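A.B. asks: here's my sequence, what's the structure:
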Amino acid sequence: MFLGTHTPRLDDKGRLFLPAKFRDQLERGLVVTRGQERCLFVFPIAEFEQVTTAMREAPTTNRNVRDFMRVFLSGASDEVPDKQGRVTIPAHLRQYAGLTKDCTVIGQGSRIEVWDTDAWTTWLAEHEQAYSDTSEEVVPGLI
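C.D. replies: Predicted coordinates:
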């Protein structure tokens, strides 16, 4: 399970040091792709396979399904971290997420999100109060 907030930096070659606590789960490989709100989603290979299996069950006669799958899968890149725990973030994905140097990596349970630090700070400032104020069930059965 991926939890917490981490602030690694991209090096000059577009490589990101994965947080040490995540490395064991990702050492066999991962998939990085476009996420919503201009962040990147990082999945362990097995989790990405489950996601794509669910996508195959979606009705491709639905234009929204086709559009989502095109953007999600066309940006995907399978990577294997090096021995130092670095993973290359392809240029098109760095551009999509606005990644330059300072990044914020957040655990999202079954996946990781990679944000430009300024974008994450802005997003969190805009949404944290609404989270605090939530008084009704958002995820059924959770709290």
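
A.B. asks: grab the most central residue of the chain for me.
C.D. replies: The structure's the chain has its C-alpha centroid closest to F41; by CA atoms, centre = their mean the separation is 1.8 Å.

A.B. asks: how far away is that one from G14?
C.D. replies: When CB to CB, to the nearest Å is applied, the distance between F41 and G14 equals 17 Å. For every residue, glycine as well, the C-beta is placed using N, CA and C.

A.B. asks: coming back round to it: assumed the residue nearest to the centre of the chain was part of a strand.
C.D. replies: Yes. Secondary structure of F41 (DSSP: H, G, I helix; E, B strand; the rest coil): part of a strand.

A.B. asks: so S110 sits against E47, correct?
C.D. replies: Yes. Using CB atoms under 8 Å, S110 is in contact with E47, at 5.2 Å.

A.B. asks: which one's more surrounded, these two?
C.D. replies: Under the neighbour definition other CB atoms under 10 Å, S110 and E47 were set side by side, and E47 has more, 18 against 14.
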